[in-house]
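Enquirer: Structure for this input, please:
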Amino acid sequence: MEQLHNGFTLEICEGGFPLSTDSIALSGFVKLPKNAAVLDLGSGCGSLGLLLCASYQDCSVTGIELDEAAHQTALKNICANAIESRLNSICADLNDLHTLVKPGSFHCCVSNPPYFTSGPQSKSLPTARREDTCSTDALFAAAAWALKYGGDFFLVHRPERLGELCAQGSKYKLEAKRLCLLRHRTDGPVSLILLQFRKGGNPGLSWEEESLFDAQGAPTPYYRKLYHFK
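Expert: This is a model prediction of the structure:
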């Protein structure tokens, strides 16, 4: 059982994707408008939805998750945190999103998607790491369908995929507006990127850089804020 901030808890099902820096960093990168309706594409056990509900008391989150075991655990997490009115999980393929939600229904979309297009599958997490069931094209198509005009799509990914992600966003009229380069240590390489796309947005990209630890291995102020350390 993971203890989240503001009293929220998270249970991960056996073989499920564990709570990671990726999801925590993404939840800290997200900026939601008041009373935001959020769609989590590939929501797993509900980690991102719980983190966002813990940080934003007025948001509501709907998760789309293909894996039945992860979906059932998400339902348990929703009940355990007594947020049935704010967090929901749907067991479905995001490729079928157009049959599940009306176009333009959400202010924001979020995703911590599979990072790799090829290579050996993980035995414990066969669909969580590779794009076999969640291609970048399908991901951006789903976000473009679900978002209101002017809505934002936030995701975390690998730095070597940046060019491809920006091109995919442009294909679906999702303009890259904000980029965060995240390093594990200040003197190390970029390990993750956090991106914000805007539906119908004008060209213009701002960027920022953050590190989890300094050169001596001590937690940075960014890390402390991200993990809600006093």
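Enquirer: For this protein, which segments are assigned as strands?
Expert: Using DSSP state E, the strands assigned to the chain run over residues 2-3, 9-10, 37-41, 60-65, 87-91, 106-111, 147-157, 174-185, 190-199, 206-213.
Enquirer: just checking, which of these comes out with the lowest mean pLDDT?
Expert: Ranked by mean pLDDT, the strands of the chain bottom out at strand 2-3, with a mean of 90.
Enquirer: In a markdown table, list the strands of the chain along with mean neighbour count.
Expert: In this view, the C-beta of every residue, glycine as well, is placed from N, C-alpha and C. Output for these, formatted as a markdown table (neighbours: other C-beta atoms under 10 Å):
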| stretch | mean neighbour count |
| --- | --- |
| strand 2-3 | 11 |
| strand 9-10 | 18 |
| strand 37-41 | 25 |
| strand 60-65 | 24 |
| strand 87-91 | 20 |
| strand 106-111 | 25 |
| strand 147-157 | 22 |
| strand 174-185 | 19 |
| strand 190-199 | 21 |
| strand 206-213 | 16 |
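Enquirer: Arrange those strands in JSON lines, one row each, with distance to residue 100 as further columns.
Expert: Listed next are the strands of the chain as JSON lines, based on distance: least, C-beta to C-beta, whole Å:
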{"stretch": "strand 2-3", "distance to residue 100": "28"}
{"stretch": "strand 9-10", "distance to residue 100": "24"}
{"stretch": "strand 37-41", "distance to residue 100": "10"}
{"stretch": "strand 60-65", "distance to residue 100": "7"}
{"stretch": "strand 87-91", "distance to residue 100": "6"}
{"stretch": "strand 106-111", "distance to residue 100": "12"}
{"stretch": "strand 147-157", "distance to residue 100": "15"}
{"stretch": "strand 174-185", "distance to residue 100": "20"}
{"stretch": "strand 190-199", "distance to residue 100": "19"}
{"stretch": "strand 206-213", "distance to residue 100": "33"}
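Enquirer: which one of these lies closest to residue 166?
Expert: Checking the strands of the chain against residue 166 by C-beta to C-beta gives strand 174-185 as the closest, at 4.8 Å.
Enquirer: now for that closest one, which elements pack on it?
Expert: Packing partners of strand 174-185 (3 or more C-beta pairs under 8 Å, 6 or more residues apart in numbering; DSSP states H and E): helix 136-146, strand 147-157, helix 162-171, strand 190-199, strand 206-213.
Enquirer: now the angle from the fourth one to helix 136-146?
Expert: Right, strand 190-199. Angle of strand 190-199 versus helix 136-146, following axes from the mean of the first three to the mean of the last three C-alpha atoms, to 10 degrees, is 40 degrees.
Enquirer: next one: the last one
Expert: Relative orientation of strand 206-213 and helix 136-146, computed by the same axes, to 10 degrees: 120 degrees.
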